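Undergrad: Compute the structure for the input listed below.
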Amino acid sequence: MLVDVLNNSKVFDGVHPSQVSEYVNRHVGRHSIEMNSGSDRKGRSAARLSFREFADVGLSLISYGDEVKVRCPDLSEVYHFQVVTRGQCCWHYDDDQRLLLRPGQALMMNPKERIDLSYSQDCEKVIIKVPEAILRGVCLEQNGILPRDGIRFERRIVDLENAGCFLRFLDALLAEANEAEVELGSLQLSYREILVNKLLHQFASNAQEQSSGCALDRSFSELVAYIDAHIKEEIDVDELARTANVSVRTVYNQFSKHFGLTPRLYVKNAKLKGLREELIGNPKVRNVTEAALDYGFTHLGRFSSDYRKMFGELPSETFKRRR
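TA: Okay, here's the model as predicted:
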């Protein structure tokens, strides 16, 4: 079903690969293509592309209709989920590692990862583009912490024939995007959150290692618990040092070691996470402004910007979805 669901979103059908490449550069990811010099002229006008935006996630079905090499200098602040539906595609990493994907096999591509891809003439792929901010926000909400160097997926091929639930969800997501001619608001955001959660569980990454292997020593665990217990209060580094009976430098070192964050940034992120949980689950919350002030966010414009960077949506969108 994956190859059919985006038929209502066709952008090109039977064009030169360069036309598809130009569109992909603007909407999917930066790259350049090289044509096989031995390709016949007929094959050069067989490229196809379907594309649709759905809750800030880009959904595309791509076929160049020819043997081409795609050079990706890096993905700028986006992740790519790519699954081959026909033909084959070979990934060439800049450290000489090579991975060959055949129909039904998928791979995650990380931001700032240099890759060359070789397409067979009959290669066709579904690509889902997920902004880094959205994936980071869902991971933070799920695990409470982020890997120090950002979320990085392993170079590991996943055979979707062995992932029936995930494949059925992709069918449902793409079908919903295919039929949606109007803004679906909270429904689209729900699909997006499920998608990111499934990607984080289906594909091995350092986020899984972080959530299972973050062993905090007892005193630091108590310090984190103190922050949670006083999350709506003003908390500064001196107070944390007094609470843990350690130096201010030690507090900075501990937060850097375990979270890769300064204490101040950790407290702000914890406040944003706690506020989001209230917007979603506390029926006593009457509006976003009241909740933000309750957590100590007095600059509402900056608060909304920080919230969107972390969770991929405005706090008002979270609140409307709860309602």
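Undergrad: pLDDT below threshold where in the stretch 1-150 of the chain?
TA: Screening the stretch 1-150 of the chain residue by residue with the criterion pLDDT under 70, one finds the ranges 1-7, 37-44, 144-145.
Undergrad: can you give me the helices for it?
TA: With DSSP state H, counting those that start in this stretch as the criterion, the stretch 1-150 of the chain has helices at 17-27, 132-143.
Undergrad: Ranking these by mean neighbour count, which comes first?
TA: helix 132-143 (a mean of 21; mean count of other C-beta atoms under 10 Å). Any C-beta I mention is one placed from the backbone N, CA and C, and that applies to glycine too.
Undergrad: Tell me the helices and strands packed up against that helix.
TA: Applying 3 or more C-beta pairs under 8 Å, 6 or more residues apart in numbering; DSSP states H and E, one finds that helix 132-143 makes contact with strand 78-86, helix 186-202, helix 206-213, helix 263-281, helix 300-311.
Undergrad: give the contact list for the residue at minimal distance from the centre of the chain.
TA: Using C-alpha atoms, centre = their mean, the residue of the chain that lies closest to the mean C-alpha position is Leu135, 3.0 Å off. Leu135 makes contacts with Tyr79, Ile151, Val196, Leu199, Leu200, as judged by C-beta atoms under 8 Å, 6 or more residues apart in numbering.
Undergrad: Of the helices and strands packed on helix 132-143, which is nearest Phe12?
TA: Relative to Phe12, the nearest member of the helices and strands packed on helix 132-143 by C-beta to C-beta is strand 78-86, separated by 17.0 Å.
Undergrad: Just give the number of residues close to the closest residue to Met35 other than its chain neighbours.
TA: By the measure of C-beta to C-beta, 6 or more residues apart in numbering, the closest residue to Met35 outside its immediate chain neighbours is Val68, 5.9 Å from it. With neighbours defined by other C-beta atoms under 10 Å, the count for Val68 comes to 23.
Undergrad: Looks to me like Ala177 is in a helix.
TA: Yes - counting by DSSP: H, G, I helix; E, B strand; the rest coil, Ala177 falls inside a helix.
Undergrad: Relative to Glu313, how far out is it?
TA: Between Ala177 and Glu313 the computed distance is 17 Å (C-beta to C-beta, to the nearest Å).
Undergrad: which of the contacts of Leu135 are buried?
TA: Using 16 or more other C-beta atoms under 10 Å as the burial test, these include Tyr79, Ile151, Val196, Leu199, Leu200 as buried.
Undergrad: Dump the helices of the stretch 1-150 of the chain to CSV, plus distance to His258.
TA: Shown next, in CSV, are the helices of the stretch 1-150 of the chain (distance: least, C-beta to C-beta, whole Å):
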stretch, distance to His258
helix 17-27, 38
helix 132-143, 13
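Undergrad: wait, which of the ones you listed is closest to Thr318?
TA: helix 132-143 (10.6 Å).
Undergrad: Run the chain-centre distance for the closest one.
TA: Centre-to-centre, helix 132-143 and its host chain are 7 Å apart (C-alpha atoms, centre = their mean, to the nearest Å).
Undergrad: do stretch 130-138 as well
TA: Taking the mean C-alpha point of stretch 130-138 and that of its whole chain, the gap between them comes to 4 Å (C-alpha atoms, centre = their mean).
Undergrad: Output it as PDB, nothing but the C-alphas.
TA: C-alpha atoms of stretch 130-138 as PDB (Å, rounded to 0.1, in the frame of the first residue of the first chain):
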ATOM      1  CA  VAL A 130      11.200  14.800  10.500                       C
ATOM      2  CA  PRO A 131      12.500  18.100  11.800                       C
ATOM      3  CA  GLU A 132      15.200  17.700  14.500                       C
ATOM      4  CA  ALA A 133      13.200  19.900  16.900                       C
ATOM      5  CA  ILE A 134      10.200  17.600  16.700                       C
ATOM      6  CA  LEU A 135      12.100  14.400  17.300                       C
ATOM      7  CA  ARG A 136      14.100  16.000  20.100                       C
ATOM      8  CA  GLY A 137      10.900  17.200  21.800                       C
ATOM      9  CA  VAL A 138       9.300  13.800  21.700                       C
END
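Undergrad: Let me know whether Val57 touches Leu195 as I believe.
TA: Yes - with contact defined as C-beta atoms under 8 Å, Val57 reaches Leu195; the gap is 6.9 Å.
Undergrad: Give me the common contacts of the two.
TA: Overlap between the neighbourhoods of Val57 and Leu195 consists of Ile128, Val130, taking contacts as C-beta under 8 Å, 6+ apart.
Undergrad: Bridged to the closest residue to Leu101 other than its chain neighbours, which residues?
TA: Closest residue to Leu101 in three dimensions, ignoring its sequence neighbours and counting by C-beta to C-beta, 6+ apart: Val84, at 4.6 Å. Here Val84 sits in beta bridges with Lys125, going by DSSP bridges.
Undergrad: any weak-confidence spans in the stretch 201-323 of the chain?
TA: Residue ranges of the stretch 201-323 of the chain with pLDDT under 70: 209-218, 322-323.
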